[in-house]
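S.K.: Below: sequence and its predicted model.
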Amino acid sequence: MANASDEFRLASSGIDHEGRLPRKYTGEGQGAKKDISPPLEWYNVPNGTKTLALVAEDIDAPDPDGPLVPWTVWVVINIPPTLKGLPEGFSGKQEEMGGDYANIKEGNNDFKVPGWRCPTMPSTGHRFEFKLYALDNEIDLGHKVTKEKLLEAIDGHVLGEAVLVAIY
């Protein structure tokens with residue numbers, strides 16, 4: 001039985017001690033302090049992991065026609081398991097950062113644009129779920145990466161999942 005310190009987990013130094021996502025990570029930030037992707041750190045990646053993939057969603061997004069439908073704000077694939085996290089403001093900067101970051105690919109969010117995009121909220125209290133998947137093989141989703149394509153491709157290849165929920 002693994003104890004808590006051994007479990008595959010996801011954390012963020014950017015989320016405050018109350019579990020809140022600060023404004024600068026959303027569309028409500030000001031100027032350059034707006035739509036910055038939050039820093040993420042992970043621990044205890046499962047043995048045998050070849051690549052990591054991340055999906056971040058607003059799980060309290062209301063659908064005008066009825067039930068809550070998760071709204072995808074970030075999809076990231078091809079994260080080398082040797083990395084310990086993604087720095088603040090990583091979205092859109094892979095090529096500048098180079099090295100282990102260079103082959104990471106950002107997929108399209110539900111705004112149909114690649115990268116991190118956190119909407120301006122009509123109300124507060126939305127939960128944002130960050131889910132990191134440890135995968136046993138590399139995945140090639142072609143040119144256009146989406147959450148749906150990712151989830152289909154990783155079926156049967158997930159060695160572990162780490163989840164972090166922040167409240168906005």
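M.R.: Looks like it came in fine.
S.K.: only C-alpha atoms for contact and neighbour calcs from this point on.
M.R.: Fine.
S.K.: if I look at the closest residue to K144 other than its chain neighbours, how far off is I139?
M.R.: Excluding the flanking residues, the one nearest K144 by CA to CA, 6 or more residues apart in numbering is G107, at 6.7 Å. Separation of G107 from I139 (CA to CA, to the nearest Å): 13 Å.
S.K.: ditto for I36
M.R.: I36 is 26 Å from I139, by CA to CA.
S.K.: Who has more neighbours out of the two?
M.R.: For I36 and I139, the more surrounded residue by other CA atoms under 10 Å is I36, and the numbers stand at 22 against 17.
S.K.: list the contacts for the more buried one?
M.R.: By CA atoms under 8 Å, 6 or more residues apart in numbering, the residues touching I36 are K24, Y25, T26, E88, G89, F90, S91, W116.
S.K.: burial measure for the fourth one, as a count.
M.R.: Neighbours of E88 under the rule other CA under 10 Å: 15.
S.K.: Would you agree it is in contact with D35?
M.R.: No - counting by CA atoms under 8 Å, E88 does not reach D35; the two are 10.7 Å apart.
S.K.: What is the subsequent helix or strand relative to the lengthiest helix in the chain?
M.R.: When the chain is parsed with DSSP state H, its longest helix is helix 147-154. On the C-terminal side of helix 147-154, the closest following helix or strand by DSSP states H and E is strand 158-167.
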